[in-house]
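[1] Would you be able to build a 3D model of this:
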Amino acid sequence: MTYAPTATAGLLLTLFTLFTSAGATPPARPGARPVLNEELRTTYMAAFEQHVARSYVQAGLIRTGLSLPVYRKALIGYYNLQQRGALKTAKPLLTIIDFSRASSQKRLWVINVAEPQVVFHTLVAHGKNTGEEWAKSFSNTEGSEKSSLGFYLTGNTYQGKHGLSLKLNGIDPGYNTNAASRAVVVHGADYVSEAFVRQHGRLGRSQGCPALPMAQSSAIIQVIKSGSVVFANGPTAVSYQSDLLQLDPALLAFARSKSLPGLPG
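    Sure thing, here's the model as predicted:
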């Protein structure tokens, strides 16, 4: 991996120090069992936190408005899914939707985890009953017309009433596992545009789907289809706990991906 210039290296050190001193680990469901012994956990944690900070800077995510804690949380879920063998695509892609940001802001990122680099950064709508400019309420219930939080794996594409659309498989129990039966899919919509924001002060809203700008939707769908990871993050006021935020399995998968020493047999 290429190291950043001195100024960027200083920022990396600051970011790394913030995480290691604060112990910023997102909450997992109660009862999670440790996988690693203390020595390996300490070693892998240090390498992981350095990677998070360095890749965040290298991908230019600071300029795009994606917060470092949200990026870190998404990576933990990504590596948990890798550890479970759930990633069926060779494409190292992670799509992050940050519903803690206003709908008038670009709050969807498609990130190549391996490079690292931002492939797409654009607007995305939330459900009509989730809120107006700000997303406030989420649901996994059919007929709610609300967005759902958590981790998804992308499925197949199809031609629907919105044109090319992408099925989503929700894999976070209690949060998004009804996505398929609710027909929560990625599609394009005319109400997702800068022009709509200028006129109304916010995006239009969907029936729960993460709708994208029409001009970009097909390209994004073609890139992320067939088994890549999507993570929908919510505002801090909304409770979200997930087994996919367990740290030990994520550290183990990360260590394997980087061929770190001391891996369990």
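[2] in the stretch 51-200 of the chain, which spans are helices?
    Using DSSP state H, counting those that start in this stretch, the helices of the stretch 51-200 of the chain run over 61-64, 68-83, 194-200.
[3] Can you say which of those helices is nearest to residue 234?
    Among these, the nearest to residue 234 by Cβ to Cβ is helix 68-83 (9.9 Å). C-betas here are computed from N, CA, C, even on glycine.
[4] That closest one - contacts with which helices or strands?
    Under the contact criterion of 3 or more Cβ pairs under 8 Å, 6 or more residues apart in numbering; DSSP states H and E, helix 68-83 touches helix 6-22, helix 38-58, strand 93-98, strand 150-160, strand 229-233, helix 247-257.
[5] most neighbours per residue, which of the helices of the stretch 51-200 of the chain?
    Neighbour counts (mean count of other Cβ atoms under 10 Å) averaged over each of these peak at helix 68-83, with a mean of 23.
[6] Poorly predicted segments of the protein, please.
    1-34, 265 (pLDDT under 70).
[7] wait, which of the helices of the stretch 51-200 of the chain is closest to residue 44?
    Of all the helices of the stretch 51-200 of the chain, helix 68-83 comes closest under Cβ to Cβ, at 10.6 Å.
[8] for that closest one, the distance to its chain's centre please.
    The chain centre lies 7 Å from the centre of helix 68-83; the measure is Cα atoms, centre = their mean, to the nearest Å.
[9] Give me the angle between it and helix 247-257.
    Angle of helix 68-83 versus helix 247-257, following axes from the mean of the first three to the mean of the last three Cα atoms, to 10 degrees, is 70 degrees.
[10] could I have helix 68-83 exported to PDB, CA atoms only?
    C-alpha atoms of helix 68-83 as PDB (Å, rounded to 0.1, in the frame of the first residue of the first chain):
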ATOM      1  CA  LEU A  68     -15.300   8.300   9.600                       C
ATOM      2  CA  PRO A  69     -17.500   6.400  12.200                       C
ATOM      3  CA  VAL A  70     -20.100   5.500   9.600                       C
ATOM      4  CA  TYR A  71     -17.400   4.300   7.200                       C
ATOM      5  CA  ARG A  72     -15.800   2.200  10.000                       C
ATOM      6  CA  LYS A  73     -19.100   0.700  10.900                       C
ATOM      7  CA  ALA A  74     -19.800  -0.200   7.300                       C
ATOM      8  CA  LEU A  75     -16.400  -1.900   7.000                       C
ATOM      9  CA  ILE A  76     -17.000  -3.900  10.100                       C
ATOM     10  CA  GLY A  77     -20.200  -5.300   8.600                       C
ATOM     11  CA  TYR A  78     -18.400  -5.900   5.300                       C
ATOM     12  CA  TYR A  79     -15.700  -8.000   6.900                       C
ATOM     13  CA  ASN A  80     -18.200  -9.800   9.000                       C
ATOM     14  CA  LEU A  81     -20.000 -10.900   5.800                       C
ATOM     15  CA  GLN A  82     -16.700 -11.900   4.300                       C
ATOM     16  CA  GLN A  83     -16.000 -14.000   7.400                       C
END
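[11] Contacts for that helix, please.
    For helix 68-83, contacts defined as Cβ atoms under 8 Å, 6 or more residues apart in numbering pick out 15, 19, 24, 26, 52-53, 56, 61, 87, 94, 96, 98, 100, 113, 151, 153, 171, 229, 231, 233, 242-247, 249-254, 257.
[12] re the thing from before, most tightly packed of the helices and strands packed on helix 68-83?
    Of those, strand 229-233 is the most buried (mean count of other Cβ under 10 Å), at a mean of 28.
[13] Could you list the paired strands of that strand along with their orientation?
    Note on strand 229-233: by DSSP bridges, its sheet partners are strand 93-98 (parallel), strand 150-160 (antiparallel).
[14] which one of the helices of the stretch 51-200 of the chain lies closest to residue 127?
    Comparing the helices of the stretch 51-200 of the chain by Cβ to Cβ, helix 194-200 comes nearest, at 16.2 Å.
[15] after that closest one, next one along is what?
    Sequence order places strand 211-213 as the next helix or strand after helix 194-200, per DSSP states H and E.
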